[in-house]
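*Asks:* What follows is a protein structure lacking sequence information:
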């Protein structure tokens, strides 16, 4: 990258309808400044899963080139989001018995516990993506958020485990590599969107984020600041377009335009005499469609999507007092821009709803297009990447300090006791920060891709 490399990050959102490459950095006020956005039509992805490698590579290259020309930054590595109908999550409890209960619990014990969860036997072809600890228990004492520094013999935890199909993940990695880019990090898309549009207060109070994309609808539920539930529903805005196409006997392009310009999720709003005329193909007669019929078609499919999501929220158990989602629902993604969708979601779920714009963390002078809900995932991916870069910087500084200390110690370790020339060795302390599970997994994944070439 041509500018100061460390401060610039790139997020690549590989969606079903569009591929977005976004270049960003932090400004002096700690807000994210978008330097450039590249967008291309996604041709080789179906419901979040790559089904045509060649077309996906072309779409990625097109989006990246556009982002490069707008931002003036050479893009080398990207943070990629993963979604798709193959993603599922499960709750799991596990424990370790510590060999020495008189020593305090440290990061190493938590790593041991997390690595133990990674050894869970999954279905054939599945791999654990994220192991997210929720609450801990130390010697039976429950509801501990941070056990580091405590005494205890038995360390127990509840985990939120996110699982995905190995082949789907590797295909995305292959597309990124073949586009001439390095894969710096892999993030679950609902988590990225949540970072972009939710405030910490909402995560504490309890909130369900619904990201309605082209091919899938992602759900992420937070409570007490911790991710509690994730799910990917294999329906999105594309099925609504498909229904309009079939119901009105028109081509896909016209159906998409109709949905965006005249579509509404609430049929009662349109009068019977409101009609839109669509030009016929190759000199054929134009078609006349009443807006009431159009919104009836949209309404039927949207209700189905919302009910599927609401079923996942019920599975989480939002009705129990401890799991209550006080902040309600936040809608984001391209599909959330459908007229009267907010009112319909409130009507079906009985929960407070708002549309989530990724402008909370963006600089004030951002382009209005960038603050649209359809860019929520891309903004979240850039934010994740910037946080990752910051951590790496701190780690490098810490490592340099440790090395300096060790070098000076080695020079001065030979101390003579009472003139007898006995050498006293000081223990070497490794104070390098431990890598989190996802960083380790990304490294393993990179190794796999390099070996596969």
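*Replies:* Received it, and whenever you're ready, just let me know what you need. No experiment lies behind these values; they were computed from the predicted model shown.
*Asks:* where do the strands sit along the stretch 201-350 of the chain?
*Replies:* With strands called from DSSP state E, counting those that start in this stretch, the stretch 201-350 of the chain shows them at 207-212, 217-223, 226-233, 275-278, 287-290, 329-332.
*Asks:* And residue 82, how far from residue 331?
*Replies:* 21 Å (C-beta to C-beta, to the nearest Å). (Each C-beta comes from the backbone N, C-alpha and C, glycine too.)
*Asks:* pLDDT of the top helix by length along the chain, averaged?
*Replies:* The longest helix of the chain (DSSP state H) is helix 376-412. On average, the pLDDT along helix 376-412 is 84.
*Asks:* rewinding a little: export the strands of the stretch 201-350 of the chain to a markdown table and append columns for mean neighbour count and distance to residue 197.
*Replies:* A markdown table is the format used below for those (neighbours: other C-beta atoms under 10 Å; distance: least, C-beta to C-beta, whole Å):
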| stretch | mean neighbour count | distance to residue 197 |
| --- | --- | --- |
| strand 207-212 | 28 | 7 |
| strand 217-223 | 26 | 10 |
| strand 226-233 | 21 | 14 |
| strand 275-278 | 13 | 32 |
| strand 287-290 | 15 | 34 |
| strand 329-332 | 26 | 5 |
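*Asks:* Please convert those strands to a markdown table, extending it with distance to residue 38 and mean pLDDT.
*Replies:* Listed next are those as a markdown table, based on distance: least, C-beta to C-beta, whole Å; pLDDT from 0 to 100:
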| stretch | distance to residue 38 | mean pLDDT |
| --- | --- | --- |
| strand 207-212 | 21 | 95 |
| strand 217-223 | 22 | 92 |
| strand 226-233 | 25 | 88 |
| strand 275-278 | 32 | 88 |
| strand 287-290 | 35 | 89 |
| strand 329-332 | 21 | 95 |
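*Asks:* Residue 410: which of those strands is closest?
*Replies:* Proximity to residue 410 (C-beta to C-beta) singles out strand 226-233 among those, at 43.5 Å.
*Asks:* hmm, back to that, how about JSON lines for the strands of the stretch 201-350 of the chain, with distance to residue 146 added?
*Replies:* Below are the strands of the stretch 201-350 of the chain laid out as JSON lines (distance: least, C-beta to C-beta, whole Å):
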{"stretch": "strand 207-212", "distance to residue 146": "22"}
{"stretch": "strand 217-223", "distance to residue 146": "17"}
{"stretch": "strand 226-233", "distance to residue 146": "12"}
{"stretch": "strand 275-278", "distance to residue 146": "58"}
{"stretch": "strand 287-290", "distance to residue 146": "58"}
{"stretch": "strand 329-332", "distance to residue 146": "27"}
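*Asks:* so how far is the longest helix of the chain off the chain centroid?
*Replies:* 23 Å (C-alpha atoms, centre = their mean, to the nearest Å).
*Asks:* so what secondary structure elements neighbour it?
*Replies:* strand 8-14, strand 18-26, strand 32-41, strand 77-82, strand 182-188, helix 189-197 (3 or more C-beta pairs under 8 Å, 6 or more residues apart in numbering; DSSP states H and E).
*Asks:* The fourth one: partners in the sheet, and parallel or antiparallel?
*Replies:* Read that as strand 77-82. Counting by DSSP bridges, the strands paired with strand 77-82 are strand 8-14 (parallel), strand 182-188 (parallel).
*Asks:* okay, the helices and strands packed on helix 376-412 in CSV with mean pLDDT next?
*Replies:* CSV is the format used below for the helices and strands packed on helix 376-412 (pLDDT from 0 to 100):
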stretch, mean pLDDT
strand 8-14, 92
strand 18-26, 92
strand 32-41, 92
strand 77-82, 90
strand 182-188, 86
helix 189-197, 91
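*Asks:* Redo the ones you listed as CSV? Include mean neighbour count.
*Replies:* Listed next are these as CSV, based on neighbours: other C-beta atoms under 10 Å:
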stretch, mean neighbour count
strand 8-14, 28
strand 18-26, 25
strand 32-41, 20
strand 77-82, 25
strand 182-188, 20
helix 189-197, 28
